[in-house]
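Novice: coordinates only, no sequence provided:
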């Protein structure tokens, strides 16, 4: 007999768990997006000052992309220990690592002070950020998914996803405030450091809230029933859930690429190509992120009613088409058109991002869930989000046109549509009903969940 699979026994604590996950992911995404925004606006001048402006931005985005290379390693390490010792402990570690590295960036000397050591240190701290974020996402969404009930899992699990637009909103908002209050010279001299140093305060708040939540009840149940001879989580994922990992990776392509093109690269494009003021570009992302934050739980709730796949497919197809409209609207030099372009792009992104947490959680067995969801999500980010601003900047530099960038996003959308169509619908899946990773009789995860023997 299963323990309360839906977390009914702990449902009274669910809002607290959601709040802890949301605040934690907001802080971590604030730290991560702050780097991306600074890379678009100031890092090229401060850490690569001897290049032409677009090349300097390209090099700055290269350090931005390198951070993604550490995310799969974070997924493997945090996933392994998260499936062995618990979700909560690893979430505390990830928050400390992210906050510490971000605060250190705010203290870095620039190229003019220490030469080539400056971009080397910047890149090293970016790698630490990526490692921490690689472990954060899986733990945060699983903590909520494994506490919540299956009927409304899409809604509740979407709240940690709101940390991405909330973090972007906070990062863009703080930078926008600094650029408003300061001259360009002061902002370039020291003002850019303030948002990074602010991370230390935010991490303290996040730690206070995150330490107060309980461990996942499903994880505690799985620990009580674990076999004596247990495979490493990575081995179990590759043996039992490799198809689900591929589905998750494909599902992330359009979601990841479109987001970084439409929130990070657009800052460079709007300022250097469409001749918007830096403040206007930041404000556009600010407004669109606020709207997206409100939309994510709505799309999460919709996925509870109609299924994860239909909502996800609408978002993927929509962003593939919108990519061809997006840059044309930015090129109008109209601020309302710029805001509308980014906002609609993030509406389609929300349709993918909101059900993603529940969708990925429902693909994997409890003892492998942290590893499986993290590996699927973070390995895809290396091919998707990591090079997206870099590729977009290079395409703009080589062709002087946005059309190749739109084609790039559309191809990613086609990959995501195919991956989601190949995946199974998971709405209403009982997380405790997904098969244990090591069945003595050799059952597959899907067969055991259905109560049927696996077919050799």
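Specialist: Nice, thanks for sending it over. No experiment lies behind these values; they were computed from the predicted model shown.
Novice: C-alpha from now on. contacts and neighbour counts both.
Specialist: OK.
Novice: what is the helix or strand hosting residue 374 packed up against?
Specialist: For residue 374, the element it lies in under DSSP states H and E is helix 366-383. With contacts taken as 3 or more C-alpha pairs under 8 Å, 6 or more residues apart in numbering; DSSP states H and E, helix 366-383 sits against helix 53-85, helix 117-145, helix 217-224, helix 233-240, helix 242-260, helix 335-361.
Novice: what would the ones you listed look like in a markdown table with mean neighbour count?
Specialist: Shown next, in a markdown table, are the helices and strands packed on helix 366-383 (neighbours: other C-alpha atoms under 10 Å):
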| stretch | mean neighbour count |
| --- | --- |
| helix 53-85 | 23 |
| helix 117-145 | 26 |
| helix 217-224 | 18 |
| helix 233-240 | 18 |
| helix 242-260 | 25 |
| helix 335-361 | 25 |
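Novice: related to what we said a few turns ago, what residues sit buried inside the helix holding residue 374?
Specialist: 366-383 (16 or more other C-alpha atoms under 10 Å).
Novice: among the helices and strands packed on helix 366-383, which comes closest to residue 201?
Specialist: Taking C-alpha to C-alpha, helix 117-145 is the member of the helices and strands packed on helix 366-383 nearest to residue 201, at 17.0 Å.
Novice: rewinding a little: so for residue 195, which of the helices and strands packed on helix 366-383 sits nearest?
Specialist: Per C-alpha to C-alpha, nearest to residue 195 of the helices and strands packed on helix 366-383: helix 117-145, 15.5 Å.
Novice: now do that closest one and helix 366-383, the angle between them.
Specialist: Helix 117-145 runs at 140 degrees relative to helix 366-383, counting by axes from the mean of the first three to the mean of the last three C-alpha atoms, to 10 degrees.
Novice: for the helix or strand following helix 117-145, packing partners?
Specialist: Next in sequence after helix 117-145, counting helices and strands by DSSP H and E, comes helix 153-161. The contact analysis (3+ C-alpha pairs under 8 Å, 6+ apart) places helix 153-161 against helix 14-38, helix 117-145, helix 278-306, helix 335-361.
Novice: I'd like those helices as CSV, with mean pLDDT and distance to residue 105 appended.
Specialist: Below are those laid out as CSV (pLDDT from 0 to 100; distance: least, C-alpha to C-alpha, whole Å):
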stretch, mean pLDDT, distance to residue 105
helix 14-38, 81, 9
helix 117-145, 86, 7
helix 278-306, 92, 21
helix 335-361, 96, 28
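Novice: what's the closest of the ones you listed to residue 178?
Specialist: Using C-alpha to C-alpha, the nearest of the helices and strands packed on helix 153-161 to residue 178 is helix 278-306, at 9.9 Å.
Novice: report the buried residues of that closest one.
Specialist: Quick answer for helix 278-306 (16+ other C-alpha under 10 Å): 278-293, 295-304.
Novice: how far does the helix or strand just after it sit from its chain's centre?
Specialist: The helix or strand immediately downstream of helix 278-306 is helix 308-330, counting by DSSP H and E. The chain centre lies 18 Å from the centre of helix 308-330; the measure is C-alpha atoms, centre = their mean, to the nearest Å.
Novice: relative to helix 278-306, how tilted is helix 308-330?
Specialist: Going by the same axes, to 10 degrees, helix 308-330 makes 160 degrees with helix 278-306.
Novice: pull out the buried positions in helix 308-330.
Specialist: 308-313, 315-324, 326-327, 329-330.
Novice: swap in stretch 167-183?
Specialist: Here stretch 167-183 shows 167, 168, 169, 170, 171, 172, 173, 174, 175, 176, 178, 179 as buried, counting by 16+ other C-alpha under 10 Å.
Novice: give me the subset of the residues you listed that lies in helices.
Specialist: 167, 168, 169, 170, 171, 172, 173, 174, 175, 176, 178, 179 (DSSP state H).
Novice: returning to what we had before: which of the buried residues of stretch 167-183 scores worst on pLDDT?
Specialist: Lowest pLDDT of those: residue 172, 75.
Novice: quick one: the nearest residue to residue 386 once chain neighbours are set aside from residue 250, how far?
Specialist: For residue 386, ignoring the flanking residues on the chain, the nearest one in space by C-alpha to C-alpha, 6 or more residues apart in numbering is residue 65 at 4.4 Å. Per C-alpha to C-alpha, to the nearest Å, residue 65 is found 19 Å from residue 250.
Novice: follow-up on the earlier one: and residue 161, which of the helices and strands packed on helix 366-383 is closest to it?
Specialist: helix 335-361 (6.3 Å).
Novice: tell me what that closest one is packed against?
Specialist: Under the contact criterion of 3+ C-alpha pairs under 8 Å, 6+ apart, helix 335-361 touches helix 117-145, helix 153-161, helix 242-260, helix 278-306, helix 308-330, helix 366-383.
Novice: mean confidence for the shortest one?
Specialist: To tie it back to what came earlier, the one meant is helix 153-161. 92.
Novice: run the angle between that helix and helix 117-145 for me.
Specialist: 160 degrees.
Novice: ok, residue 326 touching residue 341?
Specialist: Yes - if you go by C-alpha atoms under 8 Å, residue 326 and residue 341 touch, sitting 5.2 Å apart.
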